[in-house]
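Colleague: Sequence and predicted structure, then a few things I'm wondering about:
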Amino acid sequence: MENKQYVYLFTEGNAKMKNLLGGKGANLAEMTGLGIPIPQGFTVTTEACNKYYNDGRVLAQEVKEEIRKAMANIEEVTGKTFGGQTNPLLVSVRSGARASMPGMMDTILNLGLNDETVEVLARETGNERFAYDSYRRFIQMFADVVMEIEKKNFEHIMDHMKEAKGVHLDTELDANDLKELVRKFKEFYSRAKGQEFPQDPEEQLIESVTAVFRSWDNPRANVYRRLNDIPYSWGTAVNVQAMVFGNKGETSGTGVAFSRNPSTGEDKIFAEYLMNAQGEDVVAGIRTPFPIEELNKQMPEVYQQFVSIVDTLEKHYRDMQDMEFTIEEGKLYFLQTRNGKRTAQAALKIAVDLVEEGLNTKEEALLKVDPKQLDTLLHPAFDEAAMQNAQVIAQGLPASPGAATGKIAFTAAEAKERVEKGEKVILVRLETSPEDIEGMIAAEGILTVRGGMTSHAAVVARGMGTCCVAGCGSIVVNEANRTVKAGDKLYTDQDYISLDGSTGNVYGAQIATVDPEISGDFGTFMSWADEVRVLKVRTNSDTPHDTEQAVRFGAEGIGLTRTEHMFFGEDRIPAMREMIVSRTVEARKKALDKILPMQKADFKGIYEALEGRPATIRFLDPPLHEFLPTHESDIVALAKDMEMEVQELKDIITSLHEFNPMMGHRGCRLAVTYPEIAEMQTRAIIEAALEVRKEKGLNIVPELMIPLVGEVKEMKYIKDIVVRTADSIIKQSGEDMKYSVGTMIEIPRAAITADEIAREAEFFSFGTNDLTQMTFGFSRDDAGNFLKDYYEKKIYEFDPFQKVDQTGVGRLVEIAVELGRKTRPDIKLGVCGEHGGDPSSVEFFHKTGLDYVSCSPFRVPLARLAAAQAQIKFPREKK
Ligand code: PEP
Ligand code: MG
């Protein structure tokens, strides 16, 4: 029989065992190997987590048995006894997945305390206050994370006590107060749970390990995983580690450290600490911590040792580290290390610096930046002119850079709801907690009253690239009255505020923003990505403005222009409507004649913005009724324009109704019915190209793309119109201009008959939006409503409209690539669905052998980096 090991001592593992031990566990083992002072402990593996779920959410006997054995080992190493009457061993319990996941259960400290061991601890340390302080923290954490009794209940009890004693700080409560607090906490616990607080340390431990495993499946963790491409099947590990105490008095303390500044990337240790405190005090932001430089004054030797360990760890991992440490009665311990989360600015500076310092190769540096993060660098900053008049109403810590402006929202749920209704909001909280994740994602920016640079709000906001100002103690938030007071002015949920996440400034008004530039470290870094990648990156753009933007972001051409998007404007839509409701070819041609110059002008603008880069322009695609008037006044106006009876027009509109428009009269089907539309669009595309060639001397080779083809004869029918029209225009012009005609592959039938279609099509562009819709049979517009049930039931873990479904939709892409190349070996292949801007999908398209991906302008840098990373991981021959 297979004999699996579910528990590993820190002395048994190393950094390479991350999949099994989780990031935290693998690093604790690695640090143990490096001889860094680590309180010893063990890791319950991710396989034990998977087993827990496979066994129907029970912790197997054999796992419990291994935990017991490992505990005995730790007792031996520390010389302490778990639950002992002398020298009791206390432990911390922490979750630790392969990738760090703030959505999960975090930490339980001081486990092993009960009514007896607390007395022993008090006696042996001669510090009753410390012992009871530790016990009350344990009860609170255990109740919160294991038994799901909200933390705030305990905070209220504590606040009452402080009020009754007339004190402000937790540290001002004495031993007797804390004893009384413990009594009250336990009483509350047993009332809330209908059972006494568990006194058996082993039971406490098993319950806690189980709770960590359970937390892998809590709603927050599921949301976080979906957002960060973390598969459910990875599971989490649990780390059990002997406690050291930062709250043993004035020679003890605890803190968090980054080996470089996580906000700016500056090569200088950035750390904060608190004396006489436990880790949660620093992270929860209840007390504002000191900068580490203070430690050099208080304990110079400890400070020196600290600096040297930080340096060792950074050099060892060859990346910026995020560490936790504790000083127990003058002795320094490290509790964990990991590659630190950082802002996009910091990520780029660190990547470029690490290469310059010779610590990383360019390839290694390219792999260190999450492509999704680049997005934050591309979004607007405050307009300098608008800033001249802006009034700073408060200042907090610059926790996550960027500029944000919006109305005030007081809870995460409210933020989410208002954003869904189209508002822009700033989430204003005393402090945030993991439950707030969805509101934090939705908000433009986050402002907290409490907490340092490493508070929950700061860490999560930096991870998401959302602007955040933390620890803004000068404002008063009244959640009940829904007001924010800054100076003597009150702000409500209808008032705008603005945040500058780089300075920590808060402004009491809406401030205009401006577009960003790619330069400095960003420019250097992206140039490395371009050196490496083989997949080209184009953009989806329908206007000269967006095209210019995309070219600035590095787009190498246009992969998709949706021509219909140009006709939603008020000045344009009447001509379009006229075309749609025309009853005769003559009437339609008349309307098309009005449209032609508008399209031509748009295309000229786009060609000019591209400065000779290629452009794929797609023929009219959407169901026509999208353009029809619905308001009575518009209908009356259109009837008048067309010299038609209102009722006649209404009848036409009714006749255009479709039950299933997404599968109705759209795409190339429109051109089959109305070839004159294809004719007009060909004319606009070709004439515009000829004119720009002449006027600007640009060598333009238009790519005309037919959408929604499912059958080669359909393709041929329209292509013949295109070729006939284009050739005659070109001939007339006396120029020698080339062009190509291709199709989108967005219907499963097209994918599986791609060999036939390639006889006519000179290029394929995969329209993975429709291809996903038609392969799953999920409506693009409605799937969001029921997919959440699929996530909950783990039928699907990701939205297939965001991240390409490699098994089904991806298989069709592979088939079409293979068949298309069989007929036409040099066929050009690209993708223009939304997936072209999703990193894991880009990797898939790289592996599939496509020539390019095309995505919205703001995703171009992301796709460039994702393409480089794909090439580093899965090298493809450079053409
Ligand atoms: C697609 O279907 O993937 C596509 C790019 O076209 P549209 O989104 O315009 O249907
Ligand atoms: Mg489509």
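Modeller: Nice, I can see it. The structure presented is a predicted model; accordingly, all values stated were derived computationally and were not measured. Ligands and ions are numbered 1, 2, ... in the order given.
Colleague: Which neighbouring elements make contact with the longest helix seen in the chain?
Modeller: For the chain, the helix with the greatest residue count under DSSP state H is helix 585-610. With contacts taken as 3 or more C-beta pairs under 8 Å, 6 or more residues apart in numbering; DSSP states H and E, helix 585-610 sits against helix 544-552, strand 558-562, helix 573-581, strand 615-618, helix 675-696. C-betas here are computed from N, CA, C, even on glycine.
Colleague: what's the offset of it from the middle of its chain?
Modeller: Centroid separation between helix 585-610 and its chain, computed with C-alpha atoms, centre = their mean, to the nearest Å, is 39 Å.
Colleague: Quick check: C832 touching E746?
Modeller: No - contact criterion C-beta atoms under 8 Å: C832 and E746 do not qualify, at 9.3 Å.
Colleague: what are the phi and psi angles of the closest residue to ligand 2 within the stretch 551-700 of the chain?
Modeller: Residue of the stretch 551-700 of the chain nearest ligand 2, by C-beta to the ion: D621 (6.2 Å). Dihedral angles of D621 (phi, psi; degrees, to the nearest 10) stand at phi -120, psi -40.
Colleague: Identify the residues contacting it.
Modeller: R562, T563, E564, R666, G667, L670, P707, L708 (C-beta atoms under 8 Å, 6 or more residues apart in numbering).
Colleague: try it again with 6 Å
Modeller: Contact partners of D621, counting by C-beta atoms under 6 Å, 6 or more residues apart in numbering, are G667, P707.
Colleague: For the stretch 601-750 of the chain, list the residues in contact with ligand 2, please.
Modeller: Taking C-beta under 5 Å from the ion as the criterion, the stretch 601-750 of the chain approaches ligand 2 at residues E746.
Colleague: Tell me the residues of this protein that contact ligand 1?
Modeller: L560, R562, D621, E746, G767, T768, N769, D770, C832, G833 (C-beta under 6 Å from any ligand atom).
Colleague: can you list the residues of this structure near ligand 2?
Modeller: Checking the chain against ligand 2 by C-beta under 5 Å from the ion, the hits are E746, G767, D770.
Colleague: Closest to D115 out of those residues?
Modeller: D770 (65.6 Å; C-beta to C-beta).
Colleague: Kindly provide the distance from the closest one to E818.
Modeller: 21 Å (C-beta to C-beta, to the nearest Å).
Colleague: By average pLDDT, which secondary structure element in this structure comes out worst?
Modeller: Sorting the helices and strands of the chain by mean pLDDT, DSSP states H and E puts helix 279-284 at the bottom, at a mean of 66.
Colleague: What is the burial count for T616?
Modeller: 25 (other C-beta atoms under 10 Å).
Colleague: Spell out the residue ranges of the strands in the stretch 351-500 of the chain.
Modeller: 381-382, 392-395, 397-400, 403-409, 425-429, 445-448, 467-470, 476-478, 483-486, 489-491, 496-500 (DSSP state E, counting those that start in this stretch).
Colleague: which residues sit against whatever helix or strand comes next after the last one?
Modeller: Toward the C-terminus, strand 496-500 is succeeded by strand 505-507 as the next helix or strand (DSSP states H and E). With contacts defined as C-beta under 6 Å, 6+ apart, strand 505-507 is touched by A390, V392, I393, A394, Q395, V469, S498, L499.
Colleague: Quickly check those residues for the two that are furthest apart.
Modeller: The widest separation within these (C-beta to C-beta) is 14.3 Å, between A390 and V469.
Colleague: who has more neighbours, these two?
Modeller: Under the neighbour definition other C-beta under 10 Å, A390 and V469 were set side by side, and V469 has more, 32 against 18.
Colleague: which residue sits closest to the more buried one in space, ignoring its chain neighbours?
Modeller: G396 (4.2 Å; C-beta to C-beta, 6 or more residues apart in numbering).
Colleague: what bridges to T743?
Modeller: On the basis of DSSP bridges, T743 takes part in beta bridges with I706, F764.
Colleague: can I get the contacts of strand 505-507 in JSON lines with pLDDT and distance to A443?
Modeller: What follows is the contacts of strand 505-507, written out as JSON lines (pLDDT from 0 to 100; distance: C-beta to C-beta, whole Å):
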{"residue": "A390", "pLDDT": "87", "distance to A443": "20"}
{"residue": "V392", "pLDDT": "93", "distance to A443": "21"}
{"residue": "I393", "pLDDT": "95", "distance to A443": "18"}
{"residue": "A394", "pLDDT": "95", "distance to A443": "18"}
{"residue": "Q395", "pLDDT": "91", "distance to A443": "20"}
{"residue": "V469", "pLDDT": "93", "distance to A443": "12"}
{"residue": "S498", "pLDDT": "96", "distance to A443": "13"}
{"residue": "L499", "pLDDT": "95", "distance to A443": "10"}
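Colleague: Save those as a markdown table, and put in distance to R214 too.
Modeller: As requested, the contacts of strand 505-507 are arranged in a markdown table below (distance: C-beta to C-beta, whole Å):
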| residue | distance to R214 |
| --- | --- |
| A390 | 47 |
| V392 | 45 |
| I393 | 43 |
| A394 | 40 |
| Q395 | 41 |
| V469 | 34 |
| S498 | 41 |
| L499 | 36 |
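Colleague: Select only the buried ones of those in ChimeraX?
Modeller: Selection of buried members from those for ChimeraX, criterion 16 or more other C-beta atoms under 10 Å:
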select :390,393,394,395,469,498,499
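Colleague: before we move on, the earlier item: show me the common contact partners of C832 and E746, please.
Modeller: Going by C-beta under 6 Å, 6+ apart, no residue sits against C832 while also sitting against E746.
Colleague: What are the contacting residues of stretch 862-879?
Modeller: Under C-beta under 6 Å, 6+ apart, the answer for stretch 862-879 is 363, 366-367, 371, 374, 529, 532-535, 537, 554, 837, 839, 842-843, 846-847, 853, 855.
Colleague: For it, what is the distance to the chain centroid?
Modeller: On C-alpha atoms, centre = their mean, the centre of stretch 862-879 falls 21 Å from that of its chain.
Colleague: need the contact list for E687.
Modeller: E687 neighbours (C-beta under 6 Å, 6+ apart): K600.
Colleague: all numbers from here: first residue = 29
Modeller: Done: numbering now begins at 29, and the last item shifts to E715.
Colleague: quick one: it from Y635, how far?
Modeller: E715 is 11 Å from Y635, by C-beta to C-beta.
Colleague: Q830 and ligand 2, how far apart?
Modeller: 16 Å (C-beta to the ion, to the nearest Å).
Colleague: How many neighbouring residues does that residue have?
Modeller: 16.
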